[in-house]
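Asker: Show me the folded form of this:
(one chain, ligands or ions: 1)
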Amino acid sequence: MKDIEKSIQIIREKISKAAAKSGRCEKDVLLIGVTKKVDLDSIKIAYDLGIKDFGENYVQEARKKIESFEKKATWHMIGHIQSNKIKYLPRLFDYIHSVDRWEVLEILDNFEKRMKILFELNIAEEKTKQGAKPDDIRKILERIDTLKNIEPIGLMTMAPYVENPEEIRWVFGRLRELRDELNREFGLNMKELSMGMSNDFEIAIEEGATMVRIGTAIFGERL
Ligand SMILES: *Cc1c(COP(=O)(O)O)cnc(C)c1O
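Answerer: Numbers count the residues shown, from 1 in each chain. Predicted structure coming up:
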């Protein structure tokens, strides 16, 4: 059993230090607890220790947990979005981090709920990873004004797994530049950068992350 309280305390300290390095403070970085394969009791422990935002990857698993979680949390969809599951998202989630194609937005827009969305980019162009290319996102942004319930708030990426996360610092820097470029090109004000996981969140924060998605470092190894 991993001690969730101790883990969260250590992570918060690291977040503070990394934020200070980029001239920010801890509260400028939202800690999202990634709860795929994590049981409800552990989620409740994290909640009582101050984590109110949780990330889930799979709609079916998320649905069971979200519907039986009695406290008021904010749920983030961070996993690959299957076309036949899009219609379930608005009822379960407030934020969708993993938007990678127009179809997702078009279907989400049909629900009477304003959805905060982030575009997932495959910055390192890894074949095994999801995520769009910058020009795919440009094509979406060209016509996003036609949607009424979609609020684009930022970009998300998953960096390649490496022993030494210094090697992937550039991925996070590139996502930040891209956010700024897209804001300029399309007159937007997207603020969020969802980047950084257990292995690399400190470097992601130094490069400007506003949301970090952390599973293993809080809840222990997933089985
Ligand atoms: C599983 C997952 C995470 C958390 O990964 P850890 O290494 O356990 O912190 C973050 N983001 C996404 C998209 C994930 O699928």
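
Asker: so what's the residue nearest to E126 when sequence neighbours are not counted up against?
Answerer: Of all residues not flanking E126 in the chain, P160 sits nearest, at 5.6 Å (CB to CB, 6 or more residues apart in numbering). (C-beta placed from N, C-alpha, C; glycine too.) Residues in contact with P160 (CB atoms under 8 Å, 6 or more residues apart in numbering) are A124, E126, K129, I168, V171.

Asker: I'd say the third one and M158 touch.
Answerer: Yes - in this structure K129 lies within contact range of M158 using CB atoms under 8 Å: 5.9 Å.

Asker: And those two? Which one has more around it.
Answerer: M158 (24 against 16; other CB atoms under 10 Å).

Asker: Surely the more buried one and M197 touch.
Answerer: Yes - the pair M158 / M197 is scored as a contact, 7.1 Å apart, by CB under 8 Å.

Asker: which of the contacts of P160 tops the neighbour count?
Answerer: In terms of neighbours by other CB under 10 Å, the contacts of P160 top out with V171 at 23 neighbours.

Asker: would you say that residue is within a strand?
Answerer: No - using DSSP: H, G, I helix; E, B strand; the rest coil, the assignment for V171 is helix, not a strand.

Asker: Close to the ligand: what parts of the protein are there?
Answerer: Residues of the chain that fall close to the ligand, judged by CB under 6 Å from any ligand atom: 34, 36, 57, 78-79, 158, 197-199, 213-217.

Asker: From these, which land in helices?
Answerer: Among the residues of the chain next to the ligand, the members found in helices (DSSP state H) are T216, A217.

Asker: Now tabulate the residues of the chain next to the ligand in a markdown table and tack on pLDDT.
Answerer: Formatted as a markdown table, those follow (pLDDT from 0 to 100):
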| residue | pLDDT |
| --- | --- |
| V34 | 98 |
| K36 | 97 |
| N57 | 98 |
| I78 | 98 |
| G79 | 98 |
| M158 | 97 |
| M197 | 98 |
| S198 | 98 |
| N199 | 96 |
| R213 | 98 |
| I214 | 98 |
| G215 | 98 |
| T216 | 97 |
| A217 | 97 |
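
Asker: From the residues of the chain next to the ligand, list the buried ones, please.
Answerer: Among the residues of the chain next to the ligand, those buried by neighbour count (16 or more other CB atoms under 10 Å) are 34, 36, 57, 78-79, 158, 197-199, 213-215, 217.

Asker: now the residues you listed in JSON lines, with distance to K44?
Answerer: Formatted as JSON lines, those follow (distance: CB to CB, whole Å):
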{"residue": "V34", "distance to K44": "16"}
{"residue": "K36", "distance to K44": "16"}
{"residue": "N57", "distance to K44": "20"}
{"residue": "I78", "distance to K44": "20"}
{"residue": "G79", "distance to K44": "22"}
{"residue": "M158", "distance to K44": "27"}
{"residue": "M197", "distance to K44": "22"}
{"residue": "S198", "distance to K44": "21"}
{"residue": "N199", "distance to K44": "26"}
{"residue": "R213", "distance to K44": "19"}
{"residue": "I214", "distance to K44": "17"}
{"residue": "G215", "distance to K44": "16"}
{"residue": "A217", "distance to K44": "19"}
